[in-house]
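Sequence first, predicted coordinates after that:
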Amino acid sequence: MFSHIMLGSNDIARSKTFYDATLGVIGCEPAEPNAKGRLTYAHSGGRLVITKPLNGEPATPANGGTIGFAMSSPEQVDAWHKAGVENGGEAIENPPGIRHTPTGDLYLAYLRDPDGNKLCALYKAS
């Protein structure tokens, strides 16, 4: 359904440190700013683009928004979470672990990136 997701950043270098580390866990190569100063991460046909807002206003996180990243194991979720905390992210909500939902058990971890965007790592356990 999605071709890409674009997030605003107030500090591209800070975002690069965070996203290189967290997305490196799932196999993304480190991004280099393109001619417009944007970072692009590609994985499994999807793209995440980090950019300064085009309108020149400060980047702000979406209220109620969450971007989820599919993981291949609980260990990968934990590695993603650890990489995020060690590279400028903020651990939020419950610690990484199983959440029992009507659609099955999910192993989840949540972070806020350095600009405050809410992110989730998800492994469908059952």
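That came in fine, so what should we check first?

SS state for the closest residue to A125 other than its chain neighbours?
Spatial nearest neighbour of A125, chain neighbours left out: D105 (4.1 Å); criterion: Cβ to Cβ, 6 or more residues apart in numbering. In short, each C-beta sits where N, CA and C put it, glycine included. At D105 the chain is in strand, as set by DSSP: H, G, I helix; E, B strand; the rest coil.

check contacts around D105.
I98, R99, K124, A125, S126 (Cβ atoms under 8 Å, 6 or more residues apart in numbering).

Which of those residues has the largest number of neighbours?
When neighbours are counted by other Cβ atoms under 10 Å, A125 leads those with 15 neighbours.

how close does it sit to G97?
10 Å (Cβ to Cβ, to the nearest Å).

shared neighbours of the two, which are they?
Residues touching both A125 and G97 (Cβ under 8 Å, 6+ apart) are Y107.

any idea which residue of this protein is furthest from its center?
Here the centre of the chain is the reference, and by Cα atoms, centre = their mean the most remote residue is P102, at 24.7 Å.

what's the pLDDT at that one?
Note on P102: pLDDT of 90.

Need phi/psi at it.
Main-chain torsions, P102, degrees, to the nearest 10: phi -60, psi -20.
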